[in-house]
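[1] Got a sequence here, can you build the structure:
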Amino acid sequence: MILRGMQLFWQYYVCYSCVVIIGYFAADWLAIPRIEKLSMYGALIIGIPYLLIRTNSDKFKKDTQKN
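    Model prediction:
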């Protein structure tokens, strides 16, 4: 159970980092510094609700039913 949650957070942080790095290089290559901020905020706006929805799903709930 905990390993699934840790894997989810690890996947989120890797994807977030990749989007921010791609945004940095795109801003540098295209000489438009606004792209860097847009990529960072876009990753946050998409990623935080994704984490909230996924971690509150039934897959990550603790099973309290006893046999």
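
[2] For the rest of this, base every contact and every neighbour count on C-alpha atoms.
    Fine.

[3] for this protein, what are the low-confidence residue spans?
    The model of the chain has pLDDT under 70 over residues 1-3, 60-67.

[4] show me where it has helices.
    For the chain, applying DSSP state H gives helices covering 2-30, 34-55.

[5] Can you give me the neighbour number for S39?
    Number of residues near S39 (other Cα atoms under 10 Å) recorded here: 21.

[6] Provide a list of residues in contact with T55.
    The contact partners of T55, by Cα atoms under 8 Å, 6 or more residues apart in numbering, come to G5.

[7] Please identify the buried residues of stretch 14-26?
    16, 19-20, 22-24, 26 (16 or more other Cα atoms under 10 Å).

[8] Stretch 45-60 too?
    Neighbour-count burial for stretch 45-60 [16+ other Cα under 10 Å]: 47, 55.

[9] circling back to that earlier point, among the buried residues of stretch 14-26, which two are most distant?
    With Cα to Cα as the measure, no two of these lie farther apart than Y16 and A26, at 15.3 Å.

[10] State the distance from I32 to L38.
    11 Å (Cα to Cα, to the nearest Å).

[11] what about those two, which has more around it?
    More crowded of I32 and L38, by other Cα under 10 Å: L38, with 15 against 11.

[12] Please name the residues that touch that one.
    G23.

[13] Not counting residues beside it along the chain, what's closest to the most centrally placed residue in the chain?
    With distances taken as Cα atoms, centre = their mean, the residue of the chain nearest its centroid is Y12 (3.3 Å). Leaving aside its sequence neighbours, Y12 sits nearest to G47 (Cα to Cα, 6 or more residues apart in numbering; 7.0 Å).
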